[in-house]
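Colleague: Predicted model, plus sequence, below.
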Amino acid sequence: NSFMKKTILLLMSVQFFVYLGFGLIIPILPEVIVQQGYADIHVGGLITIYALSSFFTAPLWGRLSDRTGRKKLILVGLAGFALSFFLFSLFLDNLALLYMSRVIGGLFSGALYTAVTGYVADITTDEERNKYMGLLGMSIGLGFIFGPAIGGLLGAVSMSLPFTASAVLVLLLMVYASIVLKEPVRRGEAVKRKLVPEGATALWQYRIRYLFLFSFMVTFLLAGLESTFQLFQIDQIEITPLQLGYLFMASGFVDAAIQGGVVRRVKNGTETKWIIGAQIVTALGLVLLPFTTSLVFAGVALSIFTAGNALARTVLVSLTSKEAGGKYGTAAGMTYSMDNLGRIIGPLFFTWLLTMQSGAIYYLSGALAILSIVLIILFRVSKKSLRYTKTQAEQTPA
């Protein structure tokens, strides 16, 4: 069905751009802050404010998307997203407007995420849905990989170019979407991301709570590294946005390889062992960072960190869904909230710490990665699992 193919490709492009926009800023932001002579803490601030505005407006978009229709929201989202890029490129020398642009970007990225996933739920049957949601997940991953690389490449020409170029592409995408997309027949409900999903409190009574806390930790460390890595490496090896783009691209491929290749080999019941191993690898990557003397060394340390982090993250998702005892939606919603908490607190906390003690923060991060293993051990020891509370009838194979 060619209409279906066209539509899915278009929706994948939208997701790709939203996350490209997220990654684009990584090699540029610290450079802008340093060049304009703003305080380093604003790197954390500008990353945090994006996550904040995206998180707190997500529940509103879900309701709006059911009311006004998916297509309209996708078009509005793309327009708002392009606007945030234009603002950023025009006002690199105005801190207040940079914050403004990040708030707008966060706002509309929430709208796009909600409308796109709602759209896919409407046009797919239950059988196809996982496949297509998987494709969307893949385009998000690609956006994350290419964002920093493109930001670094174009940023080498001028600081504002990556944002102007992205804004123009997003506007073209909007024109194309207005022609190709048809408003779907409403089948699914949009993802109504509540800040704390209904029924979540019940889940915190069980051992799955350790997985939620662990999920926070994994994202907290990742967001902390993303926001401090460049500031630190500017001091260590005078890293340029272009070099940084390449490093993040390499680490992005490591991430993709682990999600695509390694995770399939994780056998049922061995998840906690893999996660503990992953945290040790994560800690190793972090503890190597302060010793950076060359670009290659920085890349190796970053890739070791990414390998551990991606492994922990991906295995955790599958373990959480198995542990949820059928309450997948609630558990996924809770994990999403914990992740966002990590993205909100991480950048601000670690940038602030970096201004106080420079590279020593990576020893702290490494120690936190090791300490978080305690959560997994508590999870293993605990008997309060949701997994086996199903009725006997469901457990006996038909």
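Modeller: Yep, it's here.

Colleague: When you work out contacts or count neighbours from here on, use the C-alpha atoms and nothing else.
Modeller: Fine.

Colleague: State the phi and psi torsions of T240.
Modeller: phi -100, psi 160 (degrees, to the nearest 10).

Colleague: And for the closest residue to it other than its chain neighbours, the neighbour number?
Modeller: Excluding its sequence neighbours, the residue lying closest to T240 (C-alpha to C-alpha, 6 or more residues apart in numbering) is I234, at 7.4 Å. Other residues within reach of I234, judged by other C-alpha atoms under 10 Å, total 16.

Colleague: What does the pLDDT read for I234?
Modeller: pLDDT, I234: 92.

Colleague: Okay, buried residues for the one helix or strand it maps to please.
Modeller: Using DSSP states H and E, I234 maps to helix 208-237. Across helix 208-237, burial judged by 16 or more other C-alpha atoms under 10 Å covers 208-234, 236.

Colleague: circling back to that earlier point, how much space separates the residue nearest to T240 from I33?
Modeller: Per C-alpha to C-alpha, to the nearest Å, I234 is found 12 Å from I33.

Colleague: do the same with F212
Modeller: Relative to I33, and taking C-alpha to C-alpha, F212 is found at 34 Å.

Colleague: can you give me the strands for the stretch 101-250 of the chain?
Modeller: Remark: no strands are assigned in the stretch 101-250 of the chain by DSSP state E, counting those that start in this stretch.

Colleague: pLDDT weak spots in it?
Modeller: Within the stretch 101-250 of the chain, the set of residues satisfying pLDDT under 70 comprises 188-192.

Colleague: I'd assumed Q243 was in contact with the residue nearest to T240.
Modeller: No: I234 lies out of contact with Q243 (C-alpha atoms under 8 Å); the separation is 10.8 Å.

Colleague: Endpoints of stretch 290-298, how far apart?
Modeller: Start-to-end span of stretch 290-298 (C-alpha to C-alpha) is 9 Å.

Colleague: i'd like the first residue to be 13 from this point on
Modeller: Noted, 13 is the first residue going forward, which turns the last one into stretch 302-310.

Colleague: which residues sit against it?
Modeller: 245, 248-249, 251, 255, 301, 371-372, 374 (C-alpha atoms under 8 Å, 6 or more residues apart in numbering).

Colleague: again, only using 7 Å
Modeller: Applying C-alpha atoms under 7 Å, 6 or more residues apart in numbering, the set of residues contacting stretch 302-310 from outside is 248-249, 301, 371-372, 374.

Colleague: now that stretch: mean pLDDT?
Modeller: In this model, stretch 302-310 carries a mean pLDDT of 95.

Colleague: For that stretch, list every residue counted as buried.
Modeller: Applying 16+ other C-alpha under 10 Å to stretch 302-310 flags 302, 304, 307, 310 as buried.

Colleague: just to revisit the earlier point, the helix holding I246 - contacts with which helices or strands?
Modeller: When contacts are defined as 3 or more C-alpha pairs under 7 Å, 6 or more residues apart in numbering; DSSP states H and E, helix 220-249 sits against helix 307-335, helix 340-369, helix 385-393.

Colleague: Show me the one of those helices that comes nearest L22.
Modeller: Closest approach to L22 among the helices and strands packed on helix 220-249 is made by helix 340-369 (24.8 Å; C-alpha to C-alpha).

Colleague: need the next SSE after that closest one, C-terminal direction.
Modeller: Downstream of helix 340-369, the next assigned helix or strand under DSSP H and E is helix 373-383.

Colleague: by how many degrees do that following helix and helix 340-369 diverge?
Modeller: Counting by axes from the mean of the first three to the mean of the last three C-alpha atoms, to 10 degrees, helix 373-383 lies at 150 degrees to helix 340-369.

Colleague: got the angle between helix 373-383 and helix 307-335?
Modeller: For helix 373-383 against helix 307-335, the angle by the same axes, to 10 degrees is 30 degrees.

Colleague: now for helix 373-383, which elements pack on it?
Modeller: Short answer (3+ C-alpha pairs under 7 Å, 6+ apart): helix 373-383 packs on helix 283-300.
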